[in-house]
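Chemist: got a predicted model here, sequence first, then my questions.
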Amino acid sequence: MLSRPLTLIGALVVVAACWPSSTQAQTTLKITIPRRSSLTLVQRLNREGVKAIQQHAYTKAAGFFYKAYLYDPADPFTLNNLGYISEMQGQSDRADKFYKLAAEQGSNADIDLSNVKHLEGEPMQTALASIRDTPMRVNRINVNAMRLLSEHRGAEASSLLQQALSLNPHDPFTLNNLGVAYQAMGDYGHAMQYYSAAAGSGSDDTVVVTKDPAWQGKPVSKIAEDNVKNLQRQMQGYGSAESQSLELSLRGVQAENQNNWLVARQDFMRAYSLDPNNAFSLNNRGYVAERDGDLESAQFFYQKAGQAQGAGLPVGLATDQSASGIALSHVATTSLGKVDGALDTYSRQRRNQSGPVELTPRGGGASKNTSPSLPGSPSSPNAQPQSTAPQTNQ
């Protein structure tokens, strides 16, 4: 379960008006205008679905819309509303299909009821056109980012959310979700920055999609305020040295992602010196030893990392995305197993080497190195740091 609420700005759900449009009235000789209460079954189901959306009863709303779809799978209002429900569920491809089908129907009917008030009384095509507007693009990006975060892919989510921020730099939902992404990666400084910006917006827009049902229907600025307080309490629980170590571990992984091993190595070593008992700094110290070709030391550090304080916490940012979200103890154990295997292979190869033993006289030149390559070399499949600062699922 995600540690922070993830939000979706309000899209639109609509119900057709139960009287003919003005265009239709001009092209017929005689029109019988029904009473306003004479709704078809499909119209009634869509109306009930919209009312449920307004009350934040989204599962109930989906039931109404899908039932309406069974009665009339070509109704553009039903198709649009199913697109909205699919979008809220994070199923962007499915939502696109429903929106496309709704647009293909080409309805000129007016909107009678919508969760976006300014669209009431407008033609259906106006609503469909708004799907391509900037707010809807931002909305979809946030939904996709939520999916990535649920898969512990914080770096990808933050990159995606930066695209949304470029479209609307003041969107409180994007700002709050960027805070979520950076906190998941252990970058508490940037997380606090984005949470504070979202809280400072004072937005009354309410949360629609969230992994925490308690947040549904609450203002996004209030949620961001709570996120600021929670993160402050979490950071206060760390000592000064521990906080610096976490920051250096994060910077080290980021440097390695940019192929800057010299900076990454320096950051990992400094992180370990500041907090030598932390599972993440121990794991990354083991990686440094492995890269240096010191496999015995790598064994030692990986073994300690798997048993150290914080070993049960999940990995936040990692250069190997498959490690994200996995307990550090598992990552360290996997690395230890690879190093053990490499040492066994090296020992067998050394025993199987034929020929006389070469001796290097004291002060003489070094003999040619014929030893097999070690797993810590840059070309090794394991030549990637497996973890960085811990994330917590509070």
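Modeler: Good, I have the coordinates. Numbers count the residues shown, from 1 in each chain.

Chemist: switch to C-alpha atoms for all contacts and neighbour counts from now on
Modeler: OK.

Chemist: which stretches of the stretch 201-350 of the chain form helices?
Modeler: Taking DSSP state H, counting those that start in this stretch as the criterion, the stretch 201-350 of the chain contains helices spanning 220-236, 240-257, 261-274, 279-291, 295-307, 328-352.

Chemist: do the stretch 51-200 of the chain as well
Modeler: Taking DSSP H, counting those that start in this stretch as the test, the helices found in the stretch 51-200 of the chain are 58-71, 76-88, 92-105, 124-130, 134-150, 154-167, 172-184, 188-200.

Chemist: include mean pLDDT, distance to Leu231 and mean neighbour count when you put those helices into TSV, please.
Modeler: Below are those laid out as TSV (pLDDT from 0 to 100; distance: least, CA to CA, whole Å; neighbours: other CA atoms under 10 Å):
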stretch	mean pLDDT	distance to Leu231	mean neighbour count
helix 58-71	90	30	19
helix 76-88	84	27	26
helix 92-105	80	31	18
helix 124-130	61	36	18
helix 134-150	81	18	21
helix 154-167	88	17	19
helix 172-184	91	8	29
helix 188-200	88	7	21
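
Chemist: may I see the buried residues of stretch 254-261?
Modeler: Residues of stretch 254-261 classed as buried under the neighbour-count rule (16 or more other CA atoms under 10 Å) are 254-257, 261.

Chemist: now, of the helices of the stretch 201-350 of the chain, which is deepest in the fold?
Modeler: For those, ranked by mean neighbour count under the definition mean count of other CA atoms under 10 Å, the leader is helix 279-291 at a mean of 29.

Chemist: what helices or strands is that one leaning on?
Modeler: helix 240-257, helix 261-274, helix 295-307, helix 328-352 (3 or more CA pairs under 8 Å, 6 or more residues apart in numbering; DSSP states H and E).

Chemist: related to what we said a few turns ago, columns distance to Asn277 on top of the helices of the stretch 51-200 of the chain, output as CSV?
Modeler: Below are the helices of the stretch 51-200 of the chain laid out as CSV (distance: least, CA to CA, whole Å):
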stretch, distance to Asn277
helix 58-71, 47
helix 76-88, 43
helix 92-105, 44
helix 124-130, 54
helix 134-150, 29
helix 154-167, 26
helix 172-184, 22
helix 188-200, 21
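
Chemist: Val220: which of those helices is closest?
Modeler: Counting by CA to CA, Val220 lies closest to helix 172-184 out of the helices of the stretch 51-200 of the chain; the figure is 6.6 Å.

Chemist: what residue ranges in the stretch 251-394 of the chain score low on pLDDT?
Modeler: Counting by pLDDT under 70, the stretch 251-394 of the chain has low-confidence residues at 316-317, 319, 321-322, 324, 354-394.

Chemist: ok so, going back, any chance of the helices of the stretch 201-350 of the chain in a markdown table, with distance to Thr59 too?
Modeler: Converted to a markdown table, those look like this (distance: least, CA to CA, whole Å):
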| stretch | distance to Thr59 |
| --- | --- |
| helix 220-236 | 21 |
| helix 240-257 | 39 |
| helix 261-274 | 47 |
| helix 279-291 | 41 |
| helix 295-307 | 42 |
| helix 328-352 | 36 |
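
Chemist: how's the protein carved up into domains?
Modeler: Residue ranges for each domain of the chain read 14-24+38-132, 152-159+168-236, 240-351, as given by automatic domain parsing.

Chemist: to Val143, which of these lies closest?
Modeler: Smallest distance to Val143 across the domains of the chain (CA to CA): 5.5 Å, for domain 14-24+38-132.

Chemist: for the closest residue to Gly83 other than its chain neighbours, give its distance to Pro172.
Modeler: Once flanking residues are discounted, Gly83 sits nearest to Ala95: 4.1 Å by CA to CA, 6 or more residues apart in numbering. Ala95 sits 23 Å away from Pro172, taking CA to CA, to the nearest Å as the criterion.

Chemist: with Pro276 instead?
Modeler: Plainly put, Pro276 is 39 Å away from Pro172 if you go by CA to CA.

Chemist: what of Leu295?
Modeler: Leu295 sits 48 Å away from Pro172 when distances are taken as CA to CA.
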